[in-house]
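# Requesting a structural model of the entry that follows:
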Amino acid sequence: MGDWTFFSNYGHVLVCLARDREMRLRDVAVEVGITERAVQKIVRDMQDAGFITVSKQGRCNRYQINRRKSLRHGLESQVTVGKLLALIGKPDSPAKEEVATVEEVATVEEVATVEEVATVEEVAPTPAEKPIEADKKGEKKPAPGDSREQGSLF
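Reported below is the predicted structural model:
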């Protein structure tokens, strides 16, 4: 089986910069597996298309992702960059905490529609919703597994 992935180098560069907006392009190149010059071209193309903004802070570049921008191909043009990055998520390894800027914050509409959000009832009933059984004397007794029966604080 050949070595292929579902994302292009452009997608990989975008994910790297979204995970660490202070990442050096040299490090992005190593992570993606392409040359630093190729990463520079990709960043320039994405900047020209309005997907990222590059700003200088001292001697370092900072990369800001435009999460409201729609993807370019007609098949996925209804999806924003923010939705794509939310799907991919952050790595499990500990990374620098970053505070999102106003441009990076996805709106509620971008995160999920009402139909996509599971309600509490769909996930699992809460202990208070579990049926209460009556014992032989007619006294109500919590159902098995009910936290009220176990005396839990939660």
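# who touches stretch 22-37?
Residues outside stretch 22-37 that contact it (Cβ atoms under 8 Å, 6 or more residues apart in numbering) are 9, 12-13, 16-17, 38-40, 43, 60-63, 96. The C-beta positions use only the backbone N, C-alpha and C, and glycine is treated the same way.
# Max pairwise distance over those residues: which two?
Based on Cβ to Cβ, the longest span within the contacts of stretch 22-37 runs between Ala38 and Lys96 and measures 25.3 Å.
# Compare the two (neighbour count), which wins?
In this view Ala38 and Lys96 are compared by other Cβ atoms under 10 Å, and Ala38 has more residues nearby, 16 against 8.
# Look up how far Arg44 lies from that one.
Counting by Cβ to Cβ, to the nearest Å, the gap from Ala38 to Arg44 is 11 Å.
# How about Glu76?
According to Cβ to Cβ, Glu76 stands 22 Å off from Arg44.
# So for stretch 52-71, what gets flagged as buried?
52, 61, 63-68, 71 (16 or more other Cβ atoms under 10 Å).
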